[in-house]
Each structure stands twice: as structure tokens, then as C-alpha cells.
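> pasting the sequence and the predicted model now:
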Protein chains: 2
Amino acid sequence: MKHGGDLTEAITRYGGDAADWLDLSTGINPWPYPFGDIADAAWQRLPARADEQALLAAARKAYRVPEGVDIVAAAGTQALIQWLPHLAANGPVAIVGPTYNEHAPAWQNAGHEAIVIADLAALPDNVVHAVIVNPNNPDGRIVDHTTLAAAAAKLQQRGGWLVIDEAFADVDPGIGAAVLCENLPVVILRSFGKFYGLAGLRLGFAISAPDVIKRIATALGAWAVSGPALHVGAAALSDDAWVDRMREQLTEHATRLDYILTQAGGRIIGGTTLFRLVRHPDARYLHVQLARQRVWVRRFDYAGEWLRFGQPPDDAALGRLADALGADE
Amino acid sequence: MKHGGDLTEAITRYGGDAADWLDLSTGINPWPYPFGDIADAAWQRLPARADEQALLAAARKAYRVPEGVDIVAAAGTQALIQWLPHLAANGPVAIVGPTYNEHAPAWQNAGHEAIVIADLAALPDNVVHAVIVNPNNPDGRIVDHTTLAAAAAKLQQRGGWLVIDEAFADVDPGIGAAVLCENLPVVILRSFGKFYGLAGLRLGFAISAPDVIKRIATALGAWAVSGPALHVGAAALSDDAWVDRMREQLTEHATRLDYILTQAGGRIIGGTTLFRLVRHPDARYLHVQLARQRVWVRRFDYAGEWLRFGQPPDDAALGRLADALGADE
């Protein structure tokens, strides 16, 4: 598998070790949630149901999950992406793309035909399920609740699901569509690690109707989430003040990043405040130029003029990027 | 689901909070591997392939995985127990029991008939797969490699697997049967958290032929193991000196625990050095008596005279158990 976010490839091809690299190839917040000490028991004991319940209560509030809609936690959203196609009804899935490249193979490996479509509103007649990443990765396109609900209503008649991957939805509280799960066959995926800057922790959630969540929970089995993830997640998801500040901080820094990228001849064509999508006529050359200076960004096989930039963690990193791009700071 | 190892039930029924309880209901080593600081990057970044490879290299050595046999890591053995029945050929499974109670439902939920058998050597003609926990939980029974190989050879003719759950095999280096994977359809599960005393970390492994491991890895998907688990696991699995000392320490303390349990009128009928299985004529009463004194041990619905005791973490805890049992120290 090819994961743009893995420095292992960069190091293999261009040398250096992880410490030498400025890794801007992910959409992970470089300002992680500052969690405190983790109790020894969180490492040593099996995760307790009481701790899992505390995490889920915090997540319900953070993700605005209404009464009557359920939520389950997993060791990262990817674990949920892997299971969903095995639990879904038979039939083809439409994936609104181009998008995050792990959805299609997960459905295909479970025996579903996967069709990439450009627009959720133009759902082919033969598909039973649809997957949309909202906001989309890498272009940041946001689909409104009305359009999502209309698609979900169509799929409901076919016995299917609308899977909404809200991996980057934390940047704006208006995006989350958990309220749609009340009456529609919607399965929402929330990723903890990206906005909270703790992708190594492995924590993600599925939100849906109680019967769907029960099936997912049964598939995942007991102790799906580590003790440290239960504790860090419960604290972070309850910290509204940190979330508000971080949304502002990301917006400010995205503006600074956009300036650097524009100065270098790029045009910002999308993104969220966790990553910026740039069109540049020399994108392929630029990717190599950056890599030779140990700056790793995301390129796209399907769009040769695109590059995606994560947020540099500090002024020094922003300056290093500017220098590497050959732009004036 | 009912998990004997979860203090949440004890607290609900008998009161107190987690700190009040002496939890002897698990088989988790109370002397955890003393891992050092975890780098910030392990929490913040997506787990890198290079770190995963380092973990797997350490695990291959620790578990004596021969050349030509593969290994994959997951967020705990339970995650593997959940996936295996979905990847296995259709057909009934024989589970050598009574044993760990999560195997049967995982196979049943995936559509397999599950039959409990008493003896792996007496495999019913109609089963395609078999599962054995070796050493068994709770009675500690150990099945030798010859018997395992004979069963695996039978299942090979039926297109099935022999799953060997070696959750407690670390206590004795002679038990592990990874060598059988060279020529037989054997899938071995190794649990990191029990022997290394870090069950909250969530780390487990499957060992099998390359094609089987590839299917498991594809099902698990990317980033299945957290950054902290990659780092702690790689260090611990490489520390042969700690493993040797811990095996001795567990043996010594098991002898002391056995003395206390025997003094209280129990008869040691099995176990490993991570837990002791006791037959006691008043086991049901004793379970309540212990719980009222905030000592939580495992009881068994199917064997009313059995109790299972994990290792008390220190002399004070051993004394507390002895007092609670009403035995002389």
C-alpha cells in the first residue's frame, strides 16, 4: 500500500532520517492536544467499560450526537473503514472522488463493486451505498446537509448506507452531520488524531442508528481502544476551550501558509485549515525539489499539477518551506 | 458481553472505586515491562512502516518465527480473533474447551457453526477448523507439538485452519509452535499485553504462512497498531534478559500464591504462572466473601467449584488476599 503520509518512502528514496525531514505530507495538526500524565493503570489493565463510557460521553458532546443515535470507538477510523464493507448489505458502492484512497479498496476487498462518481447528487441507479469524505480530502469540498440527506434518502430505499467520512470536519462545527442519523441510514466516521494532532494514538468513531452501531461494535469486539487513547480522548474531546482556540490558530496559520505557497507561484484551489491544496504548473518538479531539501509533501497520481501541504509546525518550518520553494519570505 | 476481567462489574455490584479493589480477575502480569519515555512523534504522527518493521523483527525473534513464515501485528489479539473467522473458509469450527469465551461467538457471528470439543486429538469429521488455547485458559493444559501437528494435518485436507491462541505461552519458551506454520495451515495468535503486563497498550500478533498473513494484514488495514505500542513492543520483545528474569519471578510468586490458596482449603488444579486455577468446595461463597472485601477473582458459570486467581502484585496484596480468604499467612 502506498501512503503519502509515511516518511519511510521519503527516506528510502531521498535519504536522511526522520529527524532531518520536515513532513508536510499529512493533514495532521502539528499542534497536538497537550494531554497530561497517563495513569499506570491505563497501560497495564485491560481498558474498562467505565472508561470507554466516559470517552463515548465526551465524544457524543463534541460531535453533537443526538439522543437516539449511537456511537462506537475504534483504534482509528481506518479500522472502521476496514469493517464497514463487511457489515453492509451486498451491492455496489459509489465513492465521491477523487478522495482518500483507502475507501475503494476496503469495499472491493469485501466483494463490492466500487464506482467513483464526481457528484453525490448524481447517484447512479445501480448503487446501494455511497461514501463521501466531507470536507473532502484533498480539495476541501463541503457538501451541505440537504444534499447529504437527499442522497441518504435514495439509498434508504435501496437498503444501503451513506457513509460520511468526517475526518477533517472538526475545523468547523457546522459541518458535522450526526443529526442525519436520526432518520436516515447514515454512518458517520470521525477521526480523533487529525484535529487533535495525535494520529499515533489511534482513535476514531462511528456514529449511526443503534442497530448499525451494535453490529459494528460486535465486529470490533472487546477492548478495541487502548487505555491511553481512552484517557487522552476523553480529556481532549471535553476541552471546548482548546478546540475553539485551535480552530482560530489553524485559520491564522493557513493564511500565512497560503501566502508562502502563492508567492511560490502556486494557486490555492482548496483544502481545509489542516491542509492546503495547491495547483502549480511545475508541481512534479517542485515535489522533487522539495524532497531533495528534505521537505515531504503530498503529490497525486491523478492530478499532476496538484500538491497538498500540511501546516508547518512553527516559524522556522514555515521559513524552511519558503526557502525550499525558492520563494521570498 | 461479560468480561471477568472488568472491575466495572465488581464496582457496580459491590461498590468502591477502582483504587479500592485488589483485582486478581485477570491473567495479566502485575509486574509490567518498565518502558522508558515515549517520543512525542509516536503519539503525534501516523505510525511509520519502518517502526512497524522494527516491531515485527523483534517479535519474530521473541516468538521464534522461522524463515518463510510471516507475522502481522494488530491492536490486541482480540482484533485478530474478530477477523479470522471472516477470512477462513466456510465450515464448522471445533473449539477445544472450556476455554477463553471470545473465540466461539467470533466464529458464530461470522456464520460458522462452533462446536466445543474436549480433546484436539478427537476432532469430529465434519469440522473444517479448530481453535485451541495453548496453554489453555483457565486450566493451563498444554498440548504438545506432535498432537497439534496431527490435528493441523487433518484440517489441511479439509481446507481449514488450526488456530493456536498462545496468549499465555510466554511463560515457557518451549510451548510456542510457530515452527508448525512452515508446512501446516496453522495460525498462531500471540498476546503482548499479558506477559509484559501492558494489556492497556493493545498489541497482539498473528503468525502463519505468507498468504494467510497477507489476507489478515489486508483486512486489518493501515496503521493498525498505535505509535506507543510500536515503540514499547519493539523494546520489550527485544529484552531477553527481562523475559528470563520475569519467568523466574512469576514461578517464585506462583509458589507463594499456591501456598496461600491451599491453606484456604483450595486445591490447585491448573493454571500457568500468570494465573492459578483452584477447586474449592465453597467457591461460590468464597467469591462473594472476597468481593465484599474488595478482592475480585474469576468465577466460572460452567464450573461452580472453580476460581481463578491472578498474581497479587506485592507482599501487601498477597497478605490482603490471605486475610480475605480467612487463611493464616
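Alright, I've got the coordinates. For clarity, every value in this text was computed on a predicted model and none was experimentally measured. Numbers count the residues shown, from 1 in each chain, chains lettered A, B, ... in the order given.
> A:Asp165 bridge partners, please.
Here A:Asp165 sits in beta bridges with A:Val133, A:Leu189, going by DSSP bridges.
> list the contacts of it.
A:77, A:81, A:100, A:103, A:131-134, A:189 (C-beta atoms under 8 Å, 6 or more residues apart in numbering or on different chains). Yep, even glycine has a C-beta here, placed from its N, CA and C like the rest.
> roughly how far does it sit from chain B?
14 Å (C-beta to the nearest C-beta, to the nearest Å).
> cool, and A:Trp21?
11 Å.
> do A:Asp258 as well
Taking C-beta to the nearest C-beta, one finds A:Asp258 at 23 Å from chain B.
> that residue touches A:Leu277, doesn't it?
No. Taking contacts as C-beta atoms under 8 Å, A:Asp258 lies outside contact range of A:Leu277: 10.7 Å.
> mind listing the shared neighbours of these two?
With C-beta under 8 Å, 6+ apart as the test, A:Asp258 and A:Leu277 both reach A:Ile268.
> ok so, going back, which one (most neighbours) among the contacts of A:Asp165?
Within the contacts of A:Asp165, most neighbours by other C-beta atoms under 10 Å in any protein chain shown means A:Val131, with 29 neighbours.
> I'd assumed that residue was in a helix, is it?
No. Secondary structure of A:Val131 (DSSP: H, G, I helix; E, B strand; the rest coil): strand, not part of a helix.
> I'd say it and A:Tyr100 touch.
No. At 9.2 Å, A:Val131 and A:Tyr100 do not qualify as touching, with contact defined as C-beta under 8 Å.
> related to what we said a few turns ago, okay, the contacts of A:Asp165 in JSON lines with pLDDT next?
JSON lines is the format used below for those (pLDDT from 0 to 100):
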{"residue": "A:Thr77", "pLDDT": "98"}
{"residue": "A:Ile81", "pLDDT": "98"}
{"residue": "A:Tyr100", "pLDDT": "94"}
{"residue": "A:His103", "pLDDT": "98"}
{"residue": "A:Val131", "pLDDT": "98"}
{"residue": "A:Ile132", "pLDDT": "98"}
{"residue": "A:Val133", "pLDDT": "98"}
{"residue": "A:Asn134", "pLDDT": "98"}
{"residue": "A:Leu189", "pLDDT": "98"}
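> now those as JSON lines including distance to A:Asp314?
Output for the contacts of A:Asp165, formatted as JSON lines (distance: C-beta to C-beta, whole Å):
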{"residue": "A:Thr77", "distance to A:Asp314": "28"}
{"residue": "A:Ile81", "distance to A:Asp314": "32"}
{"residue": "A:Tyr100", "distance to A:Asp314": "27"}
{"residue": "A:His103", "distance to A:Asp314": "33"}
{"residue": "A:Val131", "distance to A:Asp314": "35"}
{"residue": "A:Ile132", "distance to A:Asp314": "34"}
{"residue": "A:Val133", "distance to A:Asp314": "29"}
{"residue": "A:Asn134", "distance to A:Asp314": "30"}
{"residue": "A:Leu189", "distance to A:Asp314": "30"}
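> and of those residues, the nearest to chain B?
Among the contacts of A:Asp165, A:Ile81 lies closest to chain B (C-beta to the nearest C-beta), at 6.6 Å.
> burial count for A:Gln157?
8.
> hang on, I meant A:Phe300
Residues lying near A:Phe300 (other C-beta under 10 Å) number 17.
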